[in-house]
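Trainee: Please find the sequence and the predicted model below.
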There are 2 protein chains.
Amino acid sequence: MTGGRRRGAELELAILRAAAEELTASGYSGMTMDKVARRAGTNKNAIYRRWPQRAALGIAAYKYVADARTPSADTGTLRGDALELLRQANATWSSPRGAILRDLLAAAADEPALLELLREQVGGGALNAAWFALLGRAVARGEAPPEAVQPRVAALPMMLLRGEYALRGVPAVPDEVLVEIVDEIFLPLIRGRGLASPRPPSAD
Amino acid sequence: MTGGRRRGAELELAILRAAAEELTASGYSGMTMDKVARRAGTNKNAIYRRWPQRAALGIAAYKYVADARTPSADTGTLRGDALELLRQANATWSSPRGAILRDLLAAAADEPALLELLREQVGGGALNAAWFALLGRAVARGEAPPEAVQPRVAALPMMLLRGEYALRGVPAVPDEVLVEIVDEIFLPLIRGRGLASPRPPSAD
DNA sequence: CTCCTTGAGGTACGTTGCGTACCGTACCAG
DNA sequence: CTGGTACGGTACGCAACGTACCTCAAGGAG
C-alpha cells in the first residue's frame, strides 16, 4: 500500500524517469519500451498514450536527462573562449551521451516534428547565442573585426566538431583536434591574416 | 539457360549489387536481408556466409556504391572547383543517401572493425585527394598561398557539409548553403583577406 | 565415368522488439 | 451511487535479424 494507482502527471514523471534511467544505463537501443514500462511499474499502454512512438519517448527522456548546461565563459581571449566552448561541447557529447544523441538523430530522421525537437536540444538557441556572445566580446576587445559577427562564422567551430563526430563513430574527439580547429581555421578566418602557419601563433 | 548456379565471386557480386540497390533505394533501414536476398536471386544463407551481420553488408554495399564516384573537376577557378566538388558531394549524398551514413555509423558503433572500415570509406582517399588537388591547382594559379595546402583546410568544406547533414536530419542541403560555405568561410580563409562581408545585402 | 566434397538454394524456425487490441478495474466527478 | 476516464495486464500481430537443416547442383579426384 505505498499508494493507489498513479495517474496523470505522477505517472508521466515515473515513466520519464524510468526511460531516462534506461537511456543512460543502456543507451537508446537498450531503452526498450517493455523495459521502461517494467521499470516504471506500469505497462506500454500508459507510455503509448503519451508518446506515440519510441523515438518521441527517447527524445523526451533525453531532454529530461539533459543538464541545465550553462555555457558561456569569458576567459579573456578569443582563443580561450573558443577552446572553452569547444571543450565543453566535446565533454558534454562524449561518452554514452554522444551515442545516444546519434541514435536519436537516426531514429527521428523521418519525423520532422521529432527532428525539430531534437535540433532544439542539440544545436539550439543557447549554444548559438554563446558563440555570438563570444564573437561580440572579441570585437569589443579589438580581437576581431565587426564583420566577423556572422551566423556562419559563429556556427563554424561547432560545425567542424559535428563533422568530426560524423567521421569518428565514437565521440571522443581528442583535444588536439579542437586546438587545430581553433588555431588553423577559426582564428585565421576571423583575424583575416591568412594561413601563415599551421601551428599556434608563436608571438603574434 | 542464362547459366547454372552461381558461385563464389559471381554470386558475391550479385549480392553486393542487390544490397547497393536496396541501400540507395530505401536507405539502410530499408536494406533488409530478405529483400537483398530476394533481389539477388538467392537467400540469406549465401549472404550470412560472407558477411556475419547486416552492418557488415551495409558497409560493403556502401563502399560498392561509393567507389563509383569519380570526383575531381577543373573549372578554372578555385571558387568554381570548390562549388563543383561540394555540389557533387551534395548530389551524391542526397536523398536517402546521406542518412545511410548516419544509420551505418549508428549500426557499426559497437564494432570497432566495422567502424574502421567505415571511416576509411568516408574520410578516405579519393575525396580528400580531390580537395588537395583543388588546392594545388589554386596555388599554381596564384589564387592561394602555398600555406593553404593543409589537411584541415582541404577537409573544411566537406566537414561543414557533414555538419549540415548532422543538423538537418534530411540531407537536402540547399545550394545557397554551399555557396555560403565557399564564399563566407572557405575563400576568405584561403585568401587571408578576412571577412569583408562576402555578399553584403547592404553596406553593413 | 563415378564418387565426393563444397557451397548454393529453400524453407522453416527462434527470438527480439515495436506497436495494437481488448478487457477488467481503480480512481474521480457529479 | 453512477458513470466516465484512464491505468493495469495480457495477449497478439508483425517485421526483421540471425540460425538450423536439408536438398541438390558443380566441379574436381580417382
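Mentor: Structure's in. What do you need?
Trainee: hey, let's count contacts and neighbours off CA atoms from now on
Mentor: Will do.
Trainee: Report all helices and strands that the longest helix belonging to chain A contacts.
Mentor: Ranked by residue count under DSSP state H, the longest helix found in chain A is helix A:8-30. In terms of contacts (3 or more CA pairs under 8 Å, 6 or more residues apart in numbering or on different chains; DSSP states H and E), helix A:8-30 is packed against helix A:33-40, helix A:54-65, helix A:95-108.
Trainee: Buried ones in stretch A:28-47, by neighbour count?
Mentor: A:Y28, A:M31, A:T32, A:M33, A:K35, A:V36, A:A37, A:R39, A:A40, A:T42, A:N43, A:I47 (16 or more other CA atoms under 10 Å in any protein chain shown).
Trainee: and the nearest residue to the fourth one once chain neighbours are set aside, what does it touch?
Mentor: Which is A:M33. Leaving aside its sequence neighbours, A:M33 sits nearest to A:K44 (CA to CA, 6 or more residues apart in numbering or on different chains; 6.5 Å). Each residue near A:K44 by CA atoms under 8 Å, 6 or more residues apart in numbering or on different chains is listed here: A:M33, A:D34, A:A37.
Trainee: Tell me how far stretch A:6-24 lies from the chain's centre.
Mentor: With CA atoms, centre = their mean, to the nearest Å as the basis, stretch A:6-24 stands 22 Å off its chain's centre.
Trainee: anything in the helix or strand bottoming out on mean pLDDT in chain A sitting right up against chain B?
Mentor: When the helices and strands of chain A are scored by mean pLDDT, DSSP states H and E, helix A:112-122 comes last with a mean of 71. Yes. Helix A:112-122 comes into contact with chain B (CA under 8 Å from any CA of the partner chain), by way of A:L115, A:R119.
Trainee: how about whatever helix or strand comes next after that helix: buried residues?
Mentor: Downstream of helix A:112-122, the first helix or strand assigned by DSSP states H and E is helix A:125-141. Within helix A:125-141, the residues that count as buried by 16+ other CA under 10 Å are A:A126, A:L127, A:A130, A:W131, A:F132, A:A133, A:L134, A:L135, A:G136, A:R137, A:A138, A:V139.
Trainee: Export those as a markdown table, with columns for distance to A:A19 and pLDDT.
Mentor: As requested, these are exported to a markdown table (distance: CA to CA, whole Å; pLDDT from 0 to 100):
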| residue | distance to A:A19 | pLDDT |
| --- | --- | --- |
| A:A126 | 25 | 68 |
| A:L127 | 26 | 71 |
| A:A130 | 30 | 86 |
| A:W131 | 32 | 88 |
| A:F132 | 34 | 90 |
| A:A133 | 35 | 90 |
| A:L134 | 36 | 91 |
| A:L135 | 38 | 91 |
| A:G136 | 40 | 92 |
| A:R137 | 40 | 92 |
| A:A138 | 42 | 92 |
| A:V139 | 44 | 90 |
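Trainee: and of those residues, the nearest to B:E21?
Mentor: Ranked by distance to B:E21 (CA to CA), the buried residues of helix A:125-141 are led by A:L127 at 39.5 Å.
Trainee: Once you drop chain neighbours, what's closest to A:A14?
Mentor: Nearest in space to A:A14, with sequence neighbours left out and distances taken as CA to CA, 6+ apart, is A:A40 at 5.6 Å.
Trainee: again, but for A:Y62
Mentor: Going by CA to CA, 6+ apart, A:Y62 has A:A20 as its nearest residue, at 6.6 Å.
Trainee: about what we covered before: ok, so what distance separates the residue nearest to A:M33 from chain B?
Mentor: Remark: distance between A:K44 and chain B (CA to the nearest CA, to the nearest Å) = 24 Å.
Trainee: List phi and psi for that residue.
Mentor: Dihedral angles of A:K44 (phi, psi; degrees, to the nearest 10) stand at phi -60, psi -30.
Trainee: What parts of chain A come near DNA strand D?
Mentor: Residues of chain A lying near DNA strand D by CA under 7 Å from any atom of the strand: A:R5, A:R6, A:R7, A:G8, A:L11, A:G41, A:T42, A:N43, A:K44, A:N45, A:A46, A:R49.
Trainee: Now do the first one: how many residues are near it, please.
Mentor: Counted with other CA atoms under 10 Å in any protein chain shown, the neighbours of A:R5 add up to 9.
Trainee: Please apply the same query to the third one.
Mentor: Other residues lying near A:R7 total 10 when counted by other CA under 10 Å.
Trainee: Over to it: give its phi and psi.
Mentor: The phi/psi pair for A:R7 (degrees, to the nearest 10) is phi -140, psi 170.
Trainee: can you check the second one too?
Mentor: Taking degrees, to the nearest 10, you get phi -80, psi 150 for the backbone angles of A:R6.
Trainee: Could you check the pLDDT of it?
Mentor: For A:R6, the model assigns a pLDDT of 77.
Trainee: how many neighbours does it have?
Mentor: Residues near A:R6, counting by other CA under 10 Å: 12.
Trainee: if I look at it, how far off is A:A37?
Mentor: 13 Å (CA to CA, to the nearest Å).
Trainee: ok so, going back, can you lay out the helices and strands packed on helix A:8-30 as JSON lines showing distance to B:V177 and mean pLDDT?
Mentor: Shown next, in JSON lines, are these (distance: least, CA to CA, whole Å; pLDDT from 0 to 100):
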{"stretch": "helix A:33-40", "distance to B:V177": "39", "mean pLDDT": "92"}
{"stretch": "helix A:54-65", "distance to B:V177": "28", "mean pLDDT": "88"}
{"stretch": "helix A:95-108", "distance to B:V177": "21", "mean pLDDT": "78"}
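Trainee: Format those as a markdown table; extra columns: distance to DNA strand C.
Mentor: Shown next, in a markdown table, are the helices and strands packed on helix A:8-30 (distance: least, CA to the nearest atom of the strand, whole Å):
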| stretch | distance to DNA strand C |
| --- | --- |
| helix A:33-40 | 4 |
| helix A:54-65 | 4 |
| helix A:95-108 | 9 |
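Trainee: before we move on, back to that, how about the longest helix of chain A, does it get close to DNA strand C?
Mentor: Yes. Contact of helix A:8-30 with DNA strand C (CA under 7 Å from any atom of the strand) involves A:S29, A:G30.
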